[in-house]
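**Student:** Any chance you could fold what I've pasted below:
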Amino acid sequence: MRIVFAGTPDFAAIALKALLEAGHNVVGVYSQPDRPAGRGRKLMPSPVKQVALDAGIPVFQPVSLKPEEAQQELAALQPDVMIVAAYGLILPKAVLEIPTHGCLNIHASLLPRWRGAAPIQRAIAAGDAETGITIMQMDEGLDTGAMLLKVSTPINADDTGGSLHDRLAGMGGEAIVDALARLAQGELTGEPQNDADANYAHKLSKEEGHIDWSRSATDIERLIRAFNPWPGTFTDLGEQRIRIHRASALEQGSGKAPGTVLSRERDSVEVACGTGSLKITSVQMPGSKAQSINDLINGGKQVLLPGQELN
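**Tutor:** The predicted model follows:
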């Protein structure tokens, strides 16, 4: 089959590599326009574009797929199927109808549980026991199409947004290769989603990482894991912004106001929450790298001391 692939970040690049390693005929790759990155703010190709260039595959980077010229350019590739993974552009109805077998999306959630931009992080923050990959037949809605194939994985107690992203990216590559094999055999059938079970995984924002100590320790610990490595979580001590990289929830309450530092030991700092308390083991001070509490103490920083209040 003639395949057109559309994607932008690492998650999608891993899927593209899997397709190429499986010997599929990828005749064109779509990715978002190059963005400035690094200290020099030079224009950098997306991870997907780089994989395509290395493989000698033509790359297309339209700002939108709505103009007729962009749609004609895609149609000229005569795709049998279009594979989409974290592309970042809306596919109009006219584009969905160009490939013979339509457009298949690699979505990082067990649909319809989490639709939208940040299903990996939302699953961790919500305390879901499992998540996975859904290969979906795309329609005009937001992740509303028929489900073609699902694979699941448990969300471990120590999973972060980063670790789960990497695991799901690998699973996504395997799943789309499996789905295409079934498609070729005529064995890929769609199952409608139950809209009543759907949740919207809103795009992540940096401000959302500001810890609200009135929440339960369990909720805060999940947020810290979900937002690691990006956008990260933080709290303020006076005018100092302290980023929190690792922590665990403790059930026992203290009777102290949420945000009050309860203790500072060599291995951790304990902070009162709305319910329970949070045991913090790794932080990042302004202008510094992430460090253990032991290293923070050895550095002589008079922060996160018992009685201090975080907000």
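**Student:** Which residue is the nearest non-sequential neighbour of Ile297?
**Tutor:** Arg266 (6.6 Å; C-beta to C-beta, 6 or more residues apart in numbering). C-beta here means a position set from N, CA and C on the backbone, and glycine is covered the same way.
**Student:** you'd agree Val271 is in a strand?
**Tutor:** Yes - according to DSSP: H, G, I helix; E, B strand; the rest coil, Val271 belongs to a strand.
**Student:** how many neighbours does it have?
**Tutor:** 30 (other C-beta atoms under 10 Å).
**Student:** Likewise for Glu174?
**Tutor:** For Glu174, using other C-beta under 10 Å, the count is 15.
**Student:** Strands along the stretch 51-200 of the chain, start to end?
**Tutor:** Per DSSP state E, counting those that start in this stretch, the stretch 51-200 of the chain carries strands over the ranges 59-60, 81-85, 103-107, 114-116, 130-137, 147-154, 199-201.
**Student:** Redo these as JSON lines? Include mean neighbour count and distance to Ser282.
**Tutor:** Formatted as JSON lines, the strands of the stretch 51-200 of the chain follow (neighbours: other C-beta atoms under 10 Å; distance: least, C-beta to C-beta, whole Å):
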{"stretch": "strand 59-60", "mean neighbour count": "16", "distance to Ser282": "39"}
{"stretch": "strand 81-85", "mean neighbour count": "25", "distance to Ser282": "32"}
{"stretch": "strand 103-107", "mean neighbour count": "25", "distance to Ser282": "32"}
{"stretch": "strand 114-116", "mean neighbour count": "21", "distance to Ser282": "27"}
{"stretch": "strand 130-137", "mean neighbour count": "24", "distance to Ser282": "25"}
{"stretch": "strand 147-154", "mean neighbour count": "16", "distance to Ser282": "24"}
{"stretch": "strand 199-201", "mean neighbour count": "17", "distance to Ser282": "26"}
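**Student:** so what's Ile176 up against?
**Tutor:** Ala15, Ala18, Leu19, Ile83, Ala85, Leu104, Ile106, Ile135 (C-beta atoms under 8 Å, 6 or more residues apart in numbering).
**Student:** Point out the other helices and strands that the helix or strand hosting the first one packs with.
**Tutor:** Right, Ala15. Element membership of Ala15, judged by DSSP states H and E, is helix 10-21. Contact here means 3 or more C-beta pairs under 8 Å, 6 or more residues apart in numbering; DSSP states H and E; on that basis helix 10-21 packs against strand 2-7, strand 25-30, helix 47-55, strand 81-85, helix 161-184.
**Student:** Now do the second one against strand 81-85: the angle between them, please.
**Tutor:** Spelled out, it's strand 25-30. If you take axes from the mean of the first three to the mean of the last three C-alpha atoms, to 10 degrees, strand 25-30 sits at 50 degrees to strand 81-85.
**Student:** do the same with the longest one
**Tutor:** Here helix 161-184 runs at 170 degrees with respect to strand 81-85, directions being taken by the same axes, to 10 degrees.
**Student:** tell me which residues in helix 161-184 are buried?
**Tutor:** 161, 163-165, 167-173, 175-177, 179-180, 183 (16 or more other C-beta atoms under 10 Å).
**Student:** helices and strands of this protein: which one has the lowest mean pLDDT?
**Tutor:** strand 35-37 (a mean of 89; mean pLDDT, DSSP states H and E).
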